[in-house]
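Colleague: build me a model:
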Amino acid sequence: MSFVSNSTGAFFERSLTQMGTLRERVERLQTQIATGVRIERGSDDPVAASRLRALARLETRGATEAENAARLEQDLAEAGNQIEGVLSVLQRARELAVLAANDPTGETGREAIAEELDQMTQELFARSNALSLTGAPLFAGTAGASAFVRDANGDVTYNGNSEVGTIPVAPRTEIERGVTGAQVFEFEVNGAPSNSFAVLTNLAIALRASGGDPAQAARDALAGIDAAIDTANRSQTVIGTRAGWVEAVQQDQQTRAIDVAEKRSQIADTDVADTIVRLQQALTALEASQASFTRVSSLTLFNAL
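Modeller: Residues are numbered from 1 along each chain as shown. Have a look, this model is predicted:
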């Protein structure tokens, strides 16, 4: 009797374990179909789970780099807009200098030109201290203060530094975030240091001066204005080049993001057709196991005699 009892117990235990395993498999496959996720926990497929963790790190880094690129794109666009405005001011200043250089313009006309030059100098100063969308000075380099300051005499000087800083936008790729105010507004005229503010201010003063030769002063100012225009143009070209680089990097970022997403999908997502087939196989096996268990468990020793 002990042998029969032990055999019966082992049979029941094996049957229950087998059916329990099949039920778990059925439930897991049903969940995979319902959620579209093949790997719910690392133990489901340790190798695949490890690959998914690596892809997750790539996605996180890619998101950070994409955010950096978007912010850099905005900063460069704003810097480009400001420099374009500077160039418009300087081009107008050149027109006014040419007009003032003509003797028929007269004293009243030169006074009006001087007034406009004063306003244009104020606009240049405002643009030189423009801020990015995040509130950082566009042209101060890595300094946090205003790019340019004006002293009690009205003289404007650069208050930033020469470092623009770089932004990581891709693996082993960093792009400088802009240009400094010195690069945009400072230059040399006949070997002497000068800046856009001084050129316009000095011309306005010369046009108002009595006893001098305002027409000649206007002609002399053209060299400084042309140098200011050339300097701003170079900075605009630099900004445009970096903006184009950022655009190319963003396209690469999108391509990499799609590749990573596709790889993650191949590893983690449910292959619905294949899973349905395996679910049907598991259901069939479970039904067969249940039927077999029912038939065998109904037998007794008397049935076997």
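
Colleague: any idea how far apart the tips of stretch 157-170 sit?
Modeller: Using Cα to Cα, to the nearest Å, one end of stretch 157-170 lies 36 Å from the other.

Colleague: what distance separates that stretch from the centre of its chain?
Modeller: 17 Å (Cα atoms, centre = their mean, to the nearest Å).

Colleague: show me the contact partners of that stretch.
Modeller: 65, 68-69, 71-72, 137, 139-143, 145-149, 151, 174-182, 185-186, 195, 246, 249, 252-253 (Cβ atoms under 8 Å, 6 or more residues apart in numbering). Where you see a C-beta, it was placed from the backbone N, CA and C, and this is true even at glycine.

Colleague: quick one: the helices in the stretch 1-150 of the chain?
Modeller: 2-35, 46-100, 106-128 (DSSP state H, counting those that start in this stretch).

Colleague: distance-wise, check residue 133 relative to residue 79.
Modeller: Computed as Cβ to Cβ, to the nearest Å, the residue 133 to residue 79 distance reads 11 Å.

Colleague: when these two are compared, which one has more neighbours?
Modeller: Neighbours per residue, other Cβ atoms under 10 Å: of residue 133 and residue 79, the larger number sits with residue 79, 24 against 10.

Colleague: low-confidence stretches in the protein?
Modeller: 1-16, 18-45, 52, 264-266, 268-305 (pLDDT under 70).

Colleague: so residue 200 touches residue 94, yeah?
Modeller: No: using Cβ atoms under 8 Å, residue 200 is not in contact with residue 94, being 10.4 Å away.

Colleague: joint contacts of the two?
Modeller: residue 225.

Colleague: who has more neighbours, these two?
Modeller: Of the pair residue 200 and residue 94, residue 200 is the one with more neighbours under other Cβ under 10 Å, namely 29 against 16.

Colleague: pull the contacting residues for the more buried one.
Modeller: Contacts of residue 200 (Cβ under 8 Å, 6+ apart): 93, 117, 120-121, 124, 225.

Colleague: apply 7 Å and report the result again.
Modeller: Residues counted as contacts of residue 200 (Cβ atoms under 7 Å, 6 or more residues apart in numbering) are 93, 117, 120-121.

Colleague: doesn't it lie inside a strand?
Modeller: No: using DSSP: H, G, I helix; E, B strand; the rest coil, the assignment for residue 200 is helix, not a strand.

Colleague: start to end distance for stretch 119-139?
Modeller: 21 Å.

Colleague: in what helix or strand does residue 167 lie?
Modeller: Element membership for residue 167 (DSSP states H and E) is strand 166-170.

Colleague: go on, residue 188?
Modeller: Per DSSP H and E: strand 186-189 holds residue 188.

Colleague: helices or strands up against that strand?
Modeller: strand 192-195, helix 214-268 (3 or more Cβ pairs under 7 Å, 6 or more residues apart in numbering; DSSP states H and E).

Colleague: dump those to TSV, plus distance to residue 166 and mean neighbour count.
Modeller: Putting the helices and strands packed on strand 186-189 into TSV (distance: least, Cβ to Cβ, whole Å; neighbours: other Cβ atoms under 10 Å) gives the following:
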stretch	distance to residue 166	mean neighbour count
strand 192-195	26	15
helix 214-268	11	17
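
Colleague: format the ones you listed as TSV; extra columns: distance to residue 159.
Modeller: TSV is the format used below for these (distance: least, Cβ to Cβ, whole Å):
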stretch	distance to residue 159
strand 192-195	12
helix 214-268	18
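
Colleague: out of those, nearest to residue 47?
Modeller: helix 214-268 (9.4 Å; Cβ to Cβ).

Colleague: report the angle between that closest one and helix 106-128.
Modeller: Here helix 214-268 points in a direction 20 degrees away from that of helix 106-128 (axes from the mean of the first three to the mean of the last three Cα atoms, to 10 degrees).

Colleague: list the helices and strands helix 214-268 packs on?
Modeller: helix 46-100, strand 166-170, strand 173-176, helix 181-185, strand 186-189, helix 196-208.

Colleague: single out the most deeply packed of these.
Modeller: Per residue and on average, the most neighbours among the helices and strands packed on helix 214-268 fall to helix 181-185, with a mean of 25 (mean count of other Cβ atoms under 10 Å).

Colleague: buried sites along stretch 135-152?
Modeller: Of all the residues in stretch 135-152, those buried under the rule 16 or more other Cβ atoms under 10 Å are 137-141, 143, 146-148.

Colleague: quick one: which of those residues is nearest to residue 107?
Modeller: residue 148 (31.8 Å).

Colleague: my guess is the closest one contacts residue 125, does it?
Modeller: Yes: applying Cβ atoms under 7 Å, one finds residue 148 in contact with residue 125, separated by 6.4 Å.

Colleague: great, nothing more from me.
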